[in-house]
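Novice: model this:
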Amino acid sequence: SRPRAASRGWSGRPALTALAALAAAGAVGALLVHLTCPAVDPAHLLCTHVPTPLLLAGVLTGLLAPVVRRWAR
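Specialist: Predicted coordinates for the structure are as follows:
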């Protein structure tokens with residue numbers, strides 16, 4: 001569960017490691033939103049619930065990749 005484990009696993013691909021970690025964290029948040037949101041409209045789910053963790057992971061990868069790159073050394 002330590003971030004260091006992720007950086008050691010894919011030390012040659014820090015951006016991919018950061019993206020995977022952020023996508024996993026976003027997936028947990030998305031699961032909580034899916035379980036608590038009363039809306040059942042498929043368009044609502046596809047337009048709001050699905051892209052949110054993906055966008056967050058994409059944006060934050062640029063911020064986390066240098067940290068992972070530093071830990072990989």
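Novice: Could you check how far the residue nearest to residue 34 when sequence neighbours are not counted is from residue 29?
Specialist: Leaving aside its sequence neighbours, residue 34 sits nearest to residue 49 (Cβ to Cβ, 6 or more residues apart in numbering; 6.0 Å). C-betas here are computed from N, CA, C, even on glycine. From residue 49 across to residue 29, the span is 10 Å (Cβ to Cβ, to the nearest Å).
Novice: before we move on, what about residue 45?
Specialist: 15 Å.
Novice: and what of residue 68?
Specialist: 20 Å.
Novice: likewise residue 23?
Specialist: Distance of residue 23 to residue 29, given as Cβ to Cβ: 11 Å.
Novice: hmm, back to that, neighbour count for residue 68 and residue 29, which is higher?
Specialist: Set residue 68 next to residue 29 and count neighbours by other Cβ atoms under 10 Å: residue 68 wins out with 24 against 12.
Novice: Low-confidence stretches in this structure?
Specialist: 1-12, 14, 72-73 (pLDDT under 70).
Novice: Which parts of it are helices?
Specialist: 3-9, 14-36, 42-44, 51-71 (DSSP state H).
Novice: what's the overlap in contacts for residue 23 and residue 29?
Specialist: Here residue 23 and residue 29 have residue 53 as joint contacts, going by Cβ atoms under 8 Å, 6 or more residues apart in numbering.
Novice: does residue 19 really touch residue 58, like I thought?
Specialist: Yes: contact criterion Cβ atoms under 8 Å: residue 19 and residue 58 qualify, at 7.5 Å.
Novice: Compare the two (neighbour count), which wins?
Specialist: Set side by side, residue 19 and residue 58 show more neighbours around residue 19, with 20 against 14, by other Cβ under 10 Å.
Novice: Quick check: closest non-adjacent residue to the more buried one.
Specialist: Counting by Cβ to Cβ, 6+ apart, the residue nearest residue 19 is residue 61, at 4.5 Å.
Novice: All set now, cheers.
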